[in-house]
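> Sequence and predicted structure, then a few things I'm wondering about:
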Amino acid sequence: MSFTAEVRDELSRCEPVCEYCNLATLAALVRVTGTLSIAGSGRRLTVATETGAVARTMINLTHTVLKLKTELTPRRSVLHKVRNYLITLPEQPGLDKALVLLGVLDRKGNLVAGVPRHVVARPCCRLAYLRGALIAGGFVADPRGDFHLEIAVSGEEFARGLAKLIEQEGVRARVNPRRGAYAVYVKSAEDICRLLTELGATRSVAGIEDARAMKLVKNNVNRKVNAELANQTRTADAAQHQVELIRRVVDEGLYDTLPGALRTFCDLRLAHPDLSLRDLGALADPPLSKSALYHRVLRLEKLVGERE
C-alpha cells in the first residue's frame with residue numbers, strides 16, 4: 001500500500017465531531033470527484049474512483065447522512081489493469097435537496113463554484129471538509145523521499161477556497177495550475193505534519209516524523225563524511241606541496257645549508273609524506289606543534305622564493 005493510500009485509509013476512519021461533520025466530508029468527496037449530469041429535468045450524480053477508501057466513505061455517508069440509494073459498479077481498466085469504482089446516485093426523490101445541502105447547487109439550482117460556506121461554518125466541519133477533499137483527491141509523497149502533499153481539484157475558485165481553509169489551520173498552502181486542473185499543495189514537512197495532525201492522521205504523522213529523523217541522521221553523517229573528505233584532501237594537497245618544496249631545496253643544493261630545525265622538518269616530511277602537520281609534529285623528538293611546523297614551511301617557501 002502506498003503512503004497516500006495509508007493516509008486516505010486513516011482519514012476515512014476518523015469519527016465526526018458534530019452531527020454535520022459527515023455532511024462536510026461527503027460534500028468534499030462529491031465536489032472533488034463527482035460529476036453532475038442533467039438530462040431534461042432530472043439529475044444524476046456519479047463518482048468514479050480507484051480508491052477503496054473513497055468508495056467506502058462515499059457509499060456509507062450517502063446512506064447514513066442523505067438517506068439516498070446508490071448504485072455501485074466495480075470496473076477494471078483494461079489499459080492500466082487496476083480496479084476502479086463507479087458510484088451513482090440516480091434520479092430519486094430528495095436528490096435535488098441533497099445537492100443543495102452538499103453545496104453542489106445553490107437554492108436557485110445554479111452550480112456553486114467555490115467552497116460552500118454553510119458546509120464549513122464550524123471549525124470541526126472545516127476539518128471534515130478538508131479531510132474529505134484529501135481522501136478524494138489527495139496525494140502525500142512517501143516521506144522517505146520528498147515531503148509533498150497536494151489535492152488535485154477542478155476550478156480555480158474552488159482551489160483557492162480550499163487553500164484558504166488550509167491556511168485557517170496555520171498551514172501555508174499554494175495553488176498551481178496543472179493540465180487543465182489545479183493543485184493545492186503544501187511542501188513544508190512541518191506544515192504537512194501539522195495539517196495531518198489536525199485532520200486526525202496521527203499514525204501517518206508518526207511515519208513522517210520517523211522518516212524526518214532518519215533523514216536528519218543521514219544528512220549529519222553525510223556532512224561529517226564530506227567535511228572529513230575535504231579535510232583529507234586539503235591535508236594531502238598541503239603535504240604534496242611541502243614534499244615538492246623540499247625536493248626543490250635538495251635539487252638546488254640548499255639542504256646542507258639549512259638550520260637544524262628546517263632539516264628536521266624536511267626529514268620528517270620526506271619520511272611521512274601523507275601525514276598532517278599535527279600528526280607529523282607528534283613524531284618529532286621532542287614533539288612539535290602544528291604551528292611550529294607551519295612556520296618552518298613558511299621559512300622554506302621564503303627561502304625558495306628568494307632563489308627564483
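Everything's here; your move. Numbers count the residues shown, from 1 in each chain.

> got any ranges where the stretch 1-150 of the chain has weak pLDDT?
Across the stretch 1-150 of the chain, the ranges flagged by pLDDT under 70 are 39-41, 77-81.

> Centroid-nearest residue for this protein?
Centroid-nearest residue in the chain: residue 147, 0.4 Å away (criterion: CA atoms, centre = their mean).

> Am I right that that residue sits in a strand?
No - applying DSSP: H, G, I helix; E, B strand; the rest coil, one finds residue 147 to be coil, outside a strand.

> In the stretch 51-200 of the chain, what residue spans correspond to helices?
52-61, 95-101, 123-137, 156-167, 189-199 (DSSP state H, counting those that start in this stretch).

> Tell me the secondary structure at the closest residue to residue 269 other than its chain neighbours.
Spatial nearest neighbour of residue 269, chain neighbours left out: residue 242 (5.3 Å); criterion: CB to CB, 6 or more residues apart in numbering. The way it works is simple: take the backbone N, C-alpha and C, and place the C-beta from them, glycine included. Following three-state DSSP, we place residue 242 in the helix state.

> Wait, residue 242 touches residue 297, no?
Yes - the pair residue 242 / residue 297 is scored as a contact, 5.8 Å apart, by CB atoms under 8 Å.

> Domain map for the chain?
3-200, 216-307 (automatic domain parsing).

> could I get these as CSV with distance to residue 207?
Output for these, formatted as CSV (distance: least, CB to CB, whole Å):
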stretch, distance to residue 207
domain 3-200, 6
domain 216-307, 15
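
> what about residue 48, helix or strand, and which?
strand 42-49 (DSSP states H and E).

> Just the residues contacting that strand, thanks.
For strand 42-49, the surrounding residues in contact (CB atoms under 8 Å, 6 or more residues apart in numbering) are 29-30, 33-37, 54-55, 58, 84-91, 95-96, 99, 104, 136.

> Neighbouring strands of it in the sheet, and parallel or not?
Using DSSP bridges, the strands paired with strand 42-49 in its sheet are strand 34-39 (antiparallel), strand 83-89 (antiparallel).

> Okay, strands next: where are they in the stretch 151-300 of the chain?
Using DSSP state E, counting those that start in this stretch, the strands of the stretch 151-300 of the chain run over residues 174-178, 181-186.

> Out of the helices of the stretch 51-200 of the chain, which one sits most buried?
Mean neighbour counts were compared across the helices of the stretch 51-200 of the chain using mean count of other CB atoms under 10 Å; the top stretch is helix 123-137, at a mean of 25.

> Flag the shaky bits of the stretch 201-308 of the chain, pLDDT-wise.
Using pLDDT under 70, the flagged stretches of the stretch 201-308 of the chain are 307-308.

> could you redo the last one with a cut-off of 90?
208-239, 241-242, 244-271, 273-288, 290-294, 296-308 (pLDDT under 90).

> List just the one of the strands of the stretch 151-300 of the chain that sits closest to residue 112.
Closest to residue 112 of these is strand 181-186 (CB to CB; 16.3 Å).

> what's the angle from that closest one to strand 174-178?
150 degrees (axes from the mean of the first three to the mean of the last three CA atoms, to 10 degrees).

> Partner strands of strand 181-186, with direction?
Strand 181-186 has these strand partners (DSSP bridges): strand 149-153 (antiparallel), strand 174-178 (antiparallel).

> Dump that strand to PDB, restricted to CA.
C-alpha atoms of strand 181-186 as PDB (Å, rounded to 0.1, in the frame of the first residue of the first chain):
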ATOM      1  CA  ALA A 181      -6.900  21.400 -13.300                       C
ATOM      2  CA  TYR A 182      -5.400  22.900 -10.100                       C
ATOM      3  CA  ALA A 183      -3.200  21.500  -7.400                       C
ATOM      4  CA  VAL A 184      -3.500  22.800  -3.900                       C
ATOM      5  CA  TYR A 185      -0.200  21.800  -2.300                       C
ATOM      6  CA  VAL A 186       1.900  22.000   0.900                       C
END
